[in-house]
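[1] take this sequence and fold it.
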Amino acid sequence: MQPTKQARDGLIVASFGNRGILESADGDTHRFVLKGRKLRVVCGDEVKWDQEGSGNDARVTNFLARRNTLNRINSRGRTELMASNLDQIIVVVAASPAPDFFLVDRFLCAAELMGIDAHIVWNKTDIEADWPAELSDFAQLDYQILRTSTTNHEGIDELRKWLAQGISMLVGQSGVGKSSLINTLLPGAEVAIGPVSEATKEGKHTTTASIMHK
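    Residues are numbered from 1 along each chain as shown. Predicted structure coming up:
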């Protein structure tokens, strides 16, 4: 007779499609697989999981009700779930690549619909200290804007204080410096960093998975 597998509580801290890493209630981390093709989990999900012996991957069997979700439309026109149970969104923009303010609007609107806070980071101030007039419009709407640079560490301590106020997600165009900010805040994170394309002046996608950092 097989021993009964006991359902346990966990938190998804890394997601790579149908696999990833969860953190158990006692703080240990476990690699996991999903039970069933239709089950989909993302960073921030609180889940139930079991395990066939201590040496095997955990098996996520279900997720608990989500307080909120952040979604986007993928290249196929379908809604794609990005993260759940967020407390705030940090929208990162920079002089290079040129800011896409339509994207900024979308993230700020998403935060409003989710009922969470949203702030804006004007990154790479060592390249361009002054933010464009469009960001001043957001400031007049009472959005907090923080100047940051990973080169001279401007604003990094203040950003760390922002991130201490719950579960946050850094969002924005490729190449604006999200990964560099994480690496500066958490030197052991070792998030991949890619250059801005000289041909298109746009960022190159380097982050291929969602990972939660403490």
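
[2] pretty sure Asp157 is in a helix, no?
    Yes: judged by DSSP: H, G, I helix; E, B strand; the rest coil, Asp157 forms part of a helix.

[3] pick out the residue nearest the middle of the protein.
    When CA atoms, centre = their mean is applied to the chain, the residue found nearest the centroid is Met169 (3.7 Å).

[4] where does that one land on pLDDT?
    Confidence at Met169, expressed as pLDDT, is 96.

[5] which other helices and strands contact whatever helix or strand it lives in?
    Assigned by DSSP states H and E, Met169 falls within strand 168-171. Helices and strands touching strand 168-171, as assessed by 3 or more CB pairs under 8 Å, 6 or more residues apart in numbering; DSSP states H and E, comprise strand 88-94, helix 178-185. Quick note: C-beta positions are derived from backbone N, CA and C, even for glycine.

[6] helix or strand next in line after the longest helix along the chain, which one?
    Taking DSSP state H as the criterion, the chain has its longest helix at helix 101-114. As assigned by DSSP H and E, the chain's next helix or strand after helix 101-114 is strand 117-123.

[7] mean confidence for the helix or strand just after that next one?
    Using DSSP H and E, the next helix or strand after strand 117-123 towards the C-terminus is helix 133-140. The average of the pLDDT scores along helix 133-140 is 96.

[8] could you check the angle helix 133-140 makes with strand 88-94?
    Put simply, helix 133-140 runs at 150 degrees to strand 88-94, going by axes from the mean of the first three to the mean of the last three CA atoms, to 10 degrees.
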